[in-house]
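> show me the folded form of this:
(chains A and B)
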2 protein chains.
Amino acid sequence: MTEQEGIRKRERAQSVTRAEEIQAEEQKARKNQHDKPCHKPRDSLFSWNSGFDNFTGFVNWAFLLLSIGGLRLLLENFIKYGIRIDPIQWIKLLVDDQPNSEHPSIAMILYSVVPVVLCLLIEKGLAVEIISTVPGMFVHIINLLVVILLPMIVIHFKEGFNLIGASCVCTIYSILFLKLWSYIQVNMWCRTARQNAKSGMRRQSLSHSDLKSDDSKDLKVSLVLYPDNLNLKDLYYFIFAPTLCYELNFPKTVRIRKRFLLKRIFEVLVCGQIIMVIMQQYMVPSIKNSLIPFSNMDYTRTAERLLKLAIPNHLAWLIGFYLMFHSWLNLVGEVLHFADRSFYNDWWNANNIDMFWRNWNLPVHRWALRHLYFPMIEMGYGRQTGSIAVFFISAFFHEYMVSVPLKTYKIWAFMGMMGQIPLSYISKFIEKQYGPRFGNIIFWASIILGQPLVIMMYFHDYIVVHYGEALLEDYSHI
Amino acid sequence: MTEQEGIRKRERAQSVTRAEEIQAEEQKARKNQHDKPCHKPRDSLFSWNSGFDNFTGFVNWAFLLLSIGGLRLLLENFIKYGIRIDPIQWIKLLVDDQPNSEHPSIAMILYSVVPVVLCLLIEKGLAVEIISTVPGMFVHIINLLVVILLPMIVIHFKEGFNLIGASCVCTIYSILFLKLWSYIQVNMWCRTARQNAKSGMRRQSLSHSDLKSDDSKDLKVSLVLYPDNLNLKDLYYFIFAPTLCYELNFPKTVRIRKRFLLKRIFEVLVCGQIIMVIMQQYMVPSIKNSLIPFSNMDYTRTAERLLKLAIPNHLAWLIGFYLMFHSWLNLVGEVLHFADRSFYNDWWNANNIDMFWRNWNLPVHRWALRHLYFPMIEMGYGRQTGSIAVFFISAFFHEYMVSVPLKTYKIWAFMGMMGQIPLSYISKFIEKQYGPRFGNIIFWASIILGQPLVIMMYFHDYIVVHYGEALLEDYSHI
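Next up is the predicted model:
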């Protein structure tokens, strides 16, 4: 059998060489003629047979076409609307614009010292065991609820807030809520460990005194140990540090790099300006124009408006991402000698929705894992339940930071966030079925198209709630 | 010295390990605490120090954003102009649209048989030495001049041509000119070789009888030899074959692949329809709207119009390229058993203008090298002169195929082509200075923006020449 196969193979090889010889001889014979032949059998590059696959030039082509399209939209916009950039309007918005205003936003931000100090005092009490655990935790929870409910109530009932001021207050109080939660939980872990060590329940764990005498002498490492961390300086370092996860000894840098710092300051100023221009010049006219078709359920025009809004909105979001997560957090980190600059991962390569949510906002992602997901797993809940809880709290804060400043209690942002759960399954299915490239495209599409849809819904409802249906009709003449 | 260096190295290595040890110990000490530390010193991905460079997701992003932008323009266009696609109009244009027309385009195409047959008769005469070389060549040149001048004269003076018909006539006569030139030159080479062999001037070259007796018997290869090729069937095979370079024995395929053929036919039909839609729906309104700003030298609006025109024009060109150079030429090649399907190279990866011109249109490029550049080099001209001659003839045919059907004898296309020479130097300089990626971007930019500029210039002049300044003012109300 094998011999026969060998013979067959040799025969086949010979016939191939024979065919090649004939072709080569034919080629040679043609070359010997004087018509200078220049053709030979070959396939076009776009044919599958050619095996050609170098289309890198089309990547440059796509980016160039994108820039040209963008430049044209810029020109069209300036021709149509003129220059709408008005820095004075921004300053007016930043400072409360009502005359005789009490500047409630600034008052609210200053008031945030109260829950912080209260939290520290309770912790001190718990540490020296003046307050016992149950009432201490009860007061903590009340304090946290106040942190999250105060802006809602004050912004809703007090006059004189503007949109920007109210947004800042909501953002700061949200961050404060997450930070204090982390602070309380970490101190609780330390306290539990100390109690366990004292009562000798766990013999292997290092006791407080062990750590102090042992490590700090031998290694010239001066670690802050549990109750020593309970002071205002340490707490305020954490409040300003670019992280939501408290720990007793943050890794520190040795020096502030001046050039690095200057670059980040420059980026914050420039990117901020660009976002303002995009909003004033592109997004505001697009959203205004979307009102009527959206209200009348005119699908073609709504889709056109949605796509028109999608691109500047997406650009503003991308620049905003860079501004917040690279420039701003690195700036703060540099000033505070904070060494961990991992604020984002490569979410742009995400092959499904999950990968995006795990990678784009690492401070929140780490907080959610450390202070919600893993504690829930330890408490005996399943992974599914933990994931849904994380999504739920994330959805709540998205809704909170949009609805409260707008005073429009619709659940579009919340729905958008909760919609990520089925979308995540769909995108994972597509990734498996059609490969990672398609997963990546689905992720980008959901980001690019999902946001402007939510924005249009809010704007529509904001106009209806605050100015009534009449204004909607006014807009139809514009 | 080397010992000291060795010691220093070891010391440095030790200090590095020592520092690492301290860090590791610190990490360990921090881990031993109960605050579950989750931070460690690291850089953000966008910082140079991180060494991160995987941004492949942004390639998908660019293509997606491009599609979304395209879709929006599509919707905007339909909302603004309605559906302008009118297949009947196209059929009207293809058949001459004047009533009682003599269909001069069809007559002109049929007339093209005359110069072809005349060319063959002269070649026959030269082969059997009825006609001597000098008068034979003189008649050939006259014949070629008639081929190129006839459409110019007929289209200019005869009424009843429409744009599409006239364009077809010009294209066919241009191709015919290049093919007959190649046919005459190749036959001349063969004749010269035969004469040299006969007069025994070159002893090493194979004589006619040598070739016949030797190769054809031994190798079962039946090559057509010089005067046997001079018949109408061979000439008309060449006229229809997808090449401009004549040779006596074209490489042939064994069979017609039916699926391949059906795919190409399908592509020709679909791509043709898409190009028509792009032209009717996008380009025509854009060009019309560009007239007034262009005439008034309103730079902002002209630039906006130029960029608006650039993208559909570029898409139409890209699809047109695929239609012509892949679908159509492969279709013709498949039907004629023509084996050499190398009609284009990977021009999309071109790093400078030269590379593009060498790779995008291989039939013309091969013709230019084989029948103009190398003969000129052999005649003793320099490489520079040869290149300029090639560019000059290319520029002439570009101008010819635009100006003659439009009856607008402006030199924009000619200038555009000749402008490629300085542009080629600039793009090579940029390639050297900033790397191949920038060269590629410059090449794409010149393609995308150069064409619509020339189109707008022609359209402006066409309106001015044929309808006068009055119509220009009429357009201002649209």
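
> and A:Arg366, what element?
Assigned by DSSP states H and E, A:Arg366 belongs to helix A:362-368.

> ok now that helix, how far from the chain's centre?
Relative to its chain's centre, helix A:362-368 lies at 10 Å (C-alpha atoms, centre = their mean, to the nearest Å).

> the helix or strand that comes right after that helix near chain B at all?
Using DSSP H and E, the helix or strand that follows helix A:362-368 towards the C-terminus is helix A:374-378. No: legend: contact between helix A:374-378 and chain B by C-beta under 8 Å from any C-beta of the partner chain is lacking; minimum distance shown is 8.8 Å. C-beta coordinates here come from the backbone N, C-alpha and C atoms, glycine included.

> before we move on, back to that, can you name the residues in contact with the helix holding A:Arg366?
Residues from elsewhere that reach helix A:362-368 (C-beta atoms under 8 Å, 6 or more residues apart in numbering or on different chains): A:178, A:182, A:242-245, A:329, A:342-345, A:357-359, A:390, A:393-394, B:38.

> run the last query once more with 10 Å
With C-beta atoms under 10 Å, 6 or more residues apart in numbering or on different chains as the test, helix A:362-368 has contacts from A:175, A:178-179, A:181-182, A:241-246, A:325, A:329, A:340, A:342-345, A:347, A:357-359, A:361, A:373-374, A:386-387, A:389-391, A:393-394, A:397, B:38-39, B:44.

> where does the stretch 201-350 of chain A have low pLDDT?
Counting by pLDDT under 70, the ranges of the stretch 201-350 of chain A that qualify are A:201-221.

> just the CA atoms of the helix holding A:Arg366, as PDB, please.
C-alpha atoms of helix A:362-368 as PDB (Å, rounded to 0.1, in the frame of the first residue of the first chain):
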ATOM      1  CA  LEU A 362     -11.400  51.300  36.300                       C
ATOM      2  CA  PRO A 363     -11.900  53.400  39.500                       C
ATOM      3  CA  VAL A 364     -15.700  52.600  39.500                       C
ATOM      4  CA  HIS A 365     -15.000  49.000  38.200                       C
ATOM      5  CA  ARG A 366     -12.500  48.300  41.100                       C
ATOM      6  CA  TRP A 367     -14.900  49.900  43.600                       C
ATOM      7  CA  ALA A 368     -17.800  47.700  42.300                       C
END
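
> pLDDT on that helix, on average?
Average pLDDT, helix A:362-368: 92.

> need phi/psi at the closest residue to A:Phe338 other than its chain neighbours.
Leaving out its chain neighbours, the residue that sits closest to A:Phe338 by C-beta to C-beta, 6 or more residues apart in numbering or on different chains is A:Ala241, at 5.2 Å. Torsion angles at A:Ala241 (phi, psi; degrees, to the nearest 10) stand at phi -70, psi 150.

> what does A:Lys252 give?
A:Lys252 has phi and psi values of phi -120, psi 150 when expressed as degrees, to the nearest 10.

> once you drop chain neighbours, what's closest to it?
The shortest distance from A:Lys252 to any non-neighbouring residue, by C-beta to C-beta, 6+ apart, is to A:His337 (4.7 Å).

> A:Phe250 is in contact with that neighbour, correct?
Yes: with contact defined as C-beta atoms under 10 Å, A:His337 counts as touching A:Phe250 (8.8 Å).

> so for these two, which sits in the more crowded spot?
Neighbour count, other C-beta atoms under 10 Å in any protein chain shown: between A:His337 and A:Phe250, A:Phe250 has more, with 23 against 15.

> where's the more buried one relative to chain B, distance?
For A:Phe250, the distance to chain B (C-beta to the nearest C-beta, to the nearest Å) stands at 6 Å.

> apart from its neighbours in sequence, what residue is nearest that residue?
With C-beta to C-beta, 6+ apart as the criterion, A:Phe250 has its nearest non-adjacent residue at 5.8 Å, and that residue is B:His39.

> residues in contact with that neighbour?
By C-beta under 10 Å, 6+ apart, the neighbours of B:His39 are A:241, A:243, A:245, A:247, A:249-251, A:338-342, A:366, B:30.

> need those residues in CSV with secondary structure and distance to A:Val146, can you?
Below are those laid out as CSV (DSSP: H, G, I helix; E, B strand; the rest coil; distance: C-beta to C-beta, whole Å):
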residue, secondary structure, distance to A:Val146
A:Ala241, coil, 23
A:Thr243, coil, 23
A:Cys245, coil, 22
A:Glu247, coil, 25
A:Asn249, coil, 30
A:Phe250, coil, 27
A:Pro251, coil, 32
A:Phe338, strand, 28
A:Ala339, coil, 33
A:Asp340, strand, 30
A:Arg341, coil, 33
A:Ser342, coil, 32
A:Arg366, helix, 25
B:Arg30, helix, 33
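
> now whichever residue of the stretch 101-250 of chain A sits closest to chain B: closest residue in space that isn't a chain neighbour?
Going by C-beta to the nearest C-beta, chain B is nearest to A:Ala193 of the stretch 101-250 of chain A, at 3.6 Å. Closest residue to A:Ala193 apart from its sequence neighbours, by C-beta to C-beta, 6+ apart: B:His34 at 3.6 Å.

> and what of A:Tyr226?
A:Cys190 (4.2 Å).

> can you give me the helices for the stretch 151-300 of chain A?
A:163-198, A:208-219, A:232-240, A:258-278, A:284-295, A:299-321 (DSSP state H, counting those that start in this stretch).

> as JSON lines, the ones you listed with mean neighbour count would be great.
Shown next, in JSON lines, are these (neighbours: other C-beta atoms under 10 Å in any protein chain shown):
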{"stretch": "helix A:163-198", "mean neighbour count": "19"}
{"stretch": "helix A:208-219", "mean neighbour count": "14"}
{"stretch": "helix A:232-240", "mean neighbour count": "15"}
{"stretch": "helix A:258-278", "mean neighbour count": "15"}
{"stretch": "helix A:284-295", "mean neighbour count": "19"}
{"stretch": "helix A:299-321", "mean neighbour count": "20"}
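
> now these as JSON lines including distance to A:Met415?
Listed next are the helices of the stretch 151-300 of chain A as JSON lines, based on distance: least, C-beta to C-beta, whole Å:
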{"stretch": "helix A:163-198", "distance to A:Met415": "19"}
{"stretch": "helix A:208-219", "distance to A:Met415": "49"}
{"stretch": "helix A:232-240", "distance to A:Met415": "32"}
{"stretch": "helix A:258-278", "distance to A:Met415": "26"}
{"stretch": "helix A:284-295", "distance to A:Met415": "17"}
{"stretch": "helix A:299-321", "distance to A:Met415": "17"}
